[in-house]
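Build me a structure from this.
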Amino acid sequence: MIFVWTTIPLLIIFGILNLIIGVSNDAVNFLGPAIGSGVAKRRNIIFISALGILIGTYISAGMLEVAHHGIINTENLRTTEFFSVLLASLMVNIILIDTFNTLKFPTSTTIAVVFELTGGVLAIAMLKGINSSDNSIIQSVINTDVVFFILTGIILSIIAAFFIGVAVQFLTRLIFTFRYRNSNKILFSIFGGMAITAISFMILKKSLTGLMIGDTFWQELAVNYIPEMLITVFAGSTFLFFFMSLTFEIDVSRLVVLFGTFALALSFAANDLVNFVGIPVAGIETAYSTLSGSLSGYDGSFIQLIIYGLFAMIMAFTLFFSKKAKGVIETELFLMRQNPGYERFEAFPASVYVVDLFLKIKRNFLKVIPEGVVSYINKRYVNDLNELKINFQSEIVYFDNLRAIVTLTVAGLLISFGTYFRFPLSTTFVVFMVAIGTALADNAWKKENAAQRVSGTIYIMGGWFLTAAMAFLGTFILTIVLFVGKTFILIPVTLLLFYRLYKTNFFTGLNNDVKRITGNEDVNIMDQDEMLNDIDINFRYLLLECSKIYFLAVQSFLEEDKNSSVKVAKDANLLHERAERLKSGLFEALIDLPESRIDYGNLLIQSFDHITGMLKNLTFIGGSLKKTNSRKGYRFIGSQRKEMHDLADEVSSFFNFMIHIIKEKRFNSIPELISKQQLIISHIGELRLIQIKRTKNRKGTARSGLLYLEIQASTRDLLLSSINFINTYRKAMTS
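Okay, here's the model as predicted:
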């Protein structure tokens, strides 16, 4: 029993951690549509979602039974066996979901929980079967029918979500087009009323029948008067929308998106809370059942209210403060956004093949459709990019409100049906596939970016299968370790878990390096004014990092610090990637540039051309020095080391002066900068002659001499591109 009572406080701690990490992953499910359409300030959207979570938490009691009585037959497990499975499942889930959050990949907490519990119980069944010839042990501890039912439902929901999303968005866009704000106010009010009614059905059908308070009046009302209530909601919301749009010129679509966000957050909490705290609640309930009764019954309703309120508060605070949640949201929004630009994922042969196959099917399909129908569809699908700029200018807009409404409504209804039938539907799968379907129907995946978007979708879906495999195998192994080692192994495993979380969240690692170099990725798709206003800051940042990386690359090579060389080379590549994203974002921002400023935009693009040219030389220098660091034959002799160190100091001084010119707009100092450049280039020429003489006199190795000349040549090209940049930038700023 020592193992059991040691486990209880860990279950509570792990449950809280699991709740925080899980919400960081799943926040994209209900925040994505509203944030992507920019209907309100981000903090206001999060506040509305937090309110939905608070209410949804109190209607999730029935779903918590899945972890206890759904997958596992607890009556056929001893307490130590059951607790070994629960602990292993929680530990693996925390590490697994946190890893995906760090990588900014949305994954399914539902699929993780299902496979973790299955893997853990299978491990116990195998341990039981070692000393037994009974072949029915697995069936006695695992509800295989329930597992099959859940997995079948998840697979079917993925397929249904995608195709329903495509169909509904296509029909909606045909009716309202991309200029829906100029549509008939009555027609759009009816559409808004239908969306509100569909979302209300989700709340009424599920929520009022799932309240933990046990009020039979509301339950009977929800069961017996659903049609009447929905008709009232439709009539009232349609009239209200029409009145508000006609009288106050209020954008009805914003109200619908915000209400849908609230409802989807409510649905998320009701459906997915089981994934986060179902396991610890099941363990605590088992441990205390003999003392205080069941926590899931009405006898402990006051305690239950407090516990569920704590759950809701933790999830709400996580929404406001989790940086990883923002990263996961951005990954999905990049695949959904309407406008072209920088693509986070690179195309690979499979994604190109899928796109080519789809285009071939599309061409054949268009041949059998009358030209008049095709012409009508094309007219309805004329996209006006200015529509995306109507919302809050301080927020980045990825797509319009109409697509957000469809995504919220379709996803919310599908999730509601899943929750109503009492199996933990994967909200991540459903919302993601609906979002991809609506983006595809909206022609957001164009010929120039479709392969990259398909690539991203395949990567994310592949992550789902990886989640299942890692959850199953990880819990299977850890359950055996915990069951055999008991408390003696539990303590070191727990310490390792906390160390892993510390490294991921608070220590300098890969994710922090990426963040430090790449900065805020929103620059890739920021609006025109924001991009142009920040251009000076971005140029100074790129030049400053270029100067640092050059000096550190030389220094780490001279000091034969191999680890530092690897890090510097990685930083150089990341800086080059950031410059490319900034260039892509700038090009997109210039779409709406007035004719009078075309020359200005052209000069800025040329400035980025020179910057990226500089960074190509920088990545070559960093890569070459990393590759040859500490390798025999490439070490510099004393004179080479001193010359390279002095050159690095001169180059750093040159860049610092150029950054000062840009910051202070002292363009009259450019001749002095050019003079410094010419002196350094002349010095490089002298160093090259010295090296050739050195090679002739057989001083140093041939390999080190060749590397020395290559670095000098790349440094010269770096300086030449820098002067081209500053001259072009001066023309842009003074035009």
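
Burial check on the residue lying closest to M614 once chain neighbours are set aside, number of neighbours?
In space, and not counting its chain neighbours, M614 is closest to S721: 4.4 Å by CB to CB, 6 or more residues apart in numbering. C-beta here means a position set from N, CA and C on the backbone, and glycine is covered the same way. Counted with other CB atoms under 10 Å, residues neighbouring S721 total 20.

for the record, mean pLDDT for the helix or strand containing S721?
Counting by DSSP states H and E, the element that carries S721 is helix 702-734. For helix 702-734, mean pLDDT rounds to 90.

tell me what that helix is packed against?
helix 535-558, helix 598-628, helix 638-664, helix 670-696 (3 or more CB pairs under 8 Å, 6 or more residues apart in numbering; DSSP states H and E).

Identify each buried residue in stretch 666-676, please.
Residues of stretch 666-676 classed as buried: 667, 670, 673, 676 (neighbour count, 16 or more other CB atoms under 10 Å).

Need the contact partners of it.
653-654, 657-658, 660-661, 723, 726-727, 730, 733-734 (CB atoms under 8 Å, 6 or more residues apart in numbering).

With stretch 439-456 instead?
165-167, 169-170, 173, 331, 334-338, 340, 343-348, 351-352, 354-355, 358-359, 381, 383, 399, 403.

Okay, domains of the protein per the record?
2-509, 519-734 (automatic domain parsing).

which stretch in the ones you listed has the least confidence?
domain 2-509 (a mean of 78).

Please state the backbone phi and psi of the residue nearest the centre of the chain?
Centroid-nearest residue in the chain, with CA atoms, centre = their mean: V328, separated by 1.9 Å. V328 adopts backbone torsions of phi -60, psi -40, taken as degrees, to the nearest 10.

ditto for the one 10 residues further on
Dihedral angles phi and psi of Q338 (degrees, to the nearest 10) take the values phi -80, psi -40.

do the same with V368
Dihedral angles for V368 - degrees, to the nearest 10 - are phi -90, psi 0.

and what of A347?
Torsion angles, degrees, to the nearest 10, at A347: phi -70, psi 150.

which residues touch it?
By CB under 8 Å, 6+ apart, the neighbours of A347 are 451-452, 454-455.

Drop anything exposed from these.
451-452, 454-455.

what's the spacing between the residue nearest to the centre of the chain and T428?
Using CB to CB, to the nearest Å, we find V328 at a distance of 10 Å from T428.

Mutual contacts of those two, please.
With CB under 8 Å, 6+ apart as the test, V328 and T428 both reach 25, 28, 106.

in what helix or strand does the last one lie?
What that stands for is P106. Counting by DSSP H and E, P106 is found in no helix or strand.

just the first one next, same as before
Assessed by DSSP H and E, N25 sits inside helix 2-37.

Residues touching the next helix or strand after that helix, excluding its own?
Proceeding N to C from helix 2-37, the next assigned helix or strand is helix 42-57, under DSSP H and E. With contact meaning CB under 8 Å, 6+ apart, helix 42-57 is reached by 27, 30-31, 34-35, 39-40, 207, 258, 261-270, 273, 308-309, 311-312, 315-316, 319-320, 395.

In helices, which of those fall?
Per DSSP state H, helices hold the following members of the contacts of helix 42-57: 27, 30-31, 34-35, 207, 258, 261-270, 273, 308-309, 311-312, 315-316, 319-320.

contacting residues for T734?
T734 sits in contact with F667, where contact means CB under 8 Å, 6+ apart.

mind checking how far the longest helix seen in the chain is from the chain centre?
Counting by DSSP H, the longest helix found in the chain is helix 450-505. On the basis of CA atoms, centre = their mean, to the nearest Å, helix 450-505 sits 18 Å off its chain's mean C-alpha point.

Also stretch 362-381?
So, by CA atoms, centre = their mean, the centroid of stretch 362-381 is 35 Å from its chain's centroid.

How about I458, nearest residue that isn't a chain neighbour?
S351 (6.1 Å).

Name the helix or strand for the one you found, please.
Going by DSSP H and E, S351 is in helix 349-367.

So which elements touch that helix?
Against helix 349-367 (3+ CB pairs under 8 Å, 6+ apart) you get helix 450-505.

since we're on G153, how many residues are nearby?
18.

Now do the buried residues in whichever helix or strand it is part of.
Assessed by DSSP H and E, G153 sits inside helix 144-176. Using 16+ other CB under 10 Å as the test for burial, helix 144-176 gives 146-147, 150-151, 153-154, 157-158, 160-162, 164-166, 168-170, 172-173, 176.

now swap in stretch 474-484 and tell me
In stretch 474-484, counting by 16+ other CB under 10 Å, buried: 474-476, 478-480, 482-483.

now stretch 254-264
In stretch 254-264, counting by 16+ other CB under 10 Å, buried: 254-264.

just stretch 48-59 next, same as before
Applying 16+ other CB under 10 Å to stretch 48-59 flags 48-59 as buried.

same deal with stretch 22-41?
Buried, per 16+ other CB under 10 Å, within stretch 22-41: 22-40.

Same check on stretch 226-237?
229-230, 233-234, 237.

L408: what's its closest spatial neighbour, skipping adjacent residues?
Closest to L408 by CB to CB, 6+ apart is G260, at 3.3 Å.

hang on, the earlier thing: with the shared contacts of V328 and T428 in mind, which one is nearest to V113?
N25 (12.3 Å; CB to CB).

ok so, going back, of the contacts of A347, which pair is most distant in space?
Q452 and V454 (7.4 Å).

Tell me who's in contact with the nearest residue to G437 once chain neighbours are set aside.
Setting aside the residues directly before and after it, G437 is nearest to G165 in space (CB to CB, 6+ apart), at 2.8 Å. Residues near G165 by CB under 8 Å, 6+ apart: 406-407, 410-411, 433-438, 441.

And for K326?
No contacts exist for K326 under CB under 8 Å, 6+ apart.

gap between it and T109?
18 Å.

likewise N93?
N93 is 7 Å from T109, by CB to CB.

Need the residues touching each of the two.
With CB under 8 Å, 6+ apart as the test, N93 and T109 both reach G22.

got the CA coordinates for stretch 242-256 in CSV?
Extracted in CSV, the C-alpha atoms of stretch 242-256 (Å, rounded to 0.1, in the frame of the first residue of the first chain):
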residue,chain,number,x,y,z
PHE,A,242,-31.1,42.0,-39.0
PHE,A,243,-32.1,44.8,-36.6
MET,A,244,-28.5,45.4,-35.5
SER,A,245,-27.1,45.4,-39.0
LEU,A,246,-29.8,47.7,-40.3
THR,A,247,-29.8,50.1,-37.4
PHE,A,248,-26.2,50.2,-36.1
GLU,A,249,-24.3,48.8,-39.2
ILE,A,250,-22.9,46.1,-36.9
ASP,A,251,-20.9,43.3,-38.6
VAL,A,252,-23.0,40.3,-37.8
SER,A,253,-20.2,37.8,-38.8
ARG,A,254,-18.1,39.0,-35.9
LEU,A,255,-20.8,38.3,-33.4
VAL,A,256,-21.4,34.8,-34.8
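
Of all the residues in it, which ones are buried?
242, 244-245, 251-256.

Now secondary structure and distance to I12 too, for these, in JSON lines please.
Formatted as JSON lines, the buried residues of stretch 242-256 follow (DSSP: H, G, I helix; E, B strand; the rest coil; distance: CB to CB, whole Å):
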{"residue": "F242", "secondary structure": "helix", "distance to I12": "51"}
{"residue": "M244", "secondary structure": "helix", "distance to I12": "47"}
{"residue": "S245", "secondary structure": "helix", "distance to I12": "50"}
{"residue": "D251", "secondary structure": "coil", "distance to I12": "45"}
{"residue": "V252", "secondary structure": "helix", "distance to I12": "45"}
{"residue": "S253", "secondary structure": "helix", "distance to I12": "43"}
{"residue": "R254", "secondary structure": "helix", "distance to I12": "41"}
{"residue": "L255", "secondary structure": "helix", "distance to I12": "40"}
{"residue": "V256", "secondary structure": "helix", "distance to I12": "40"}
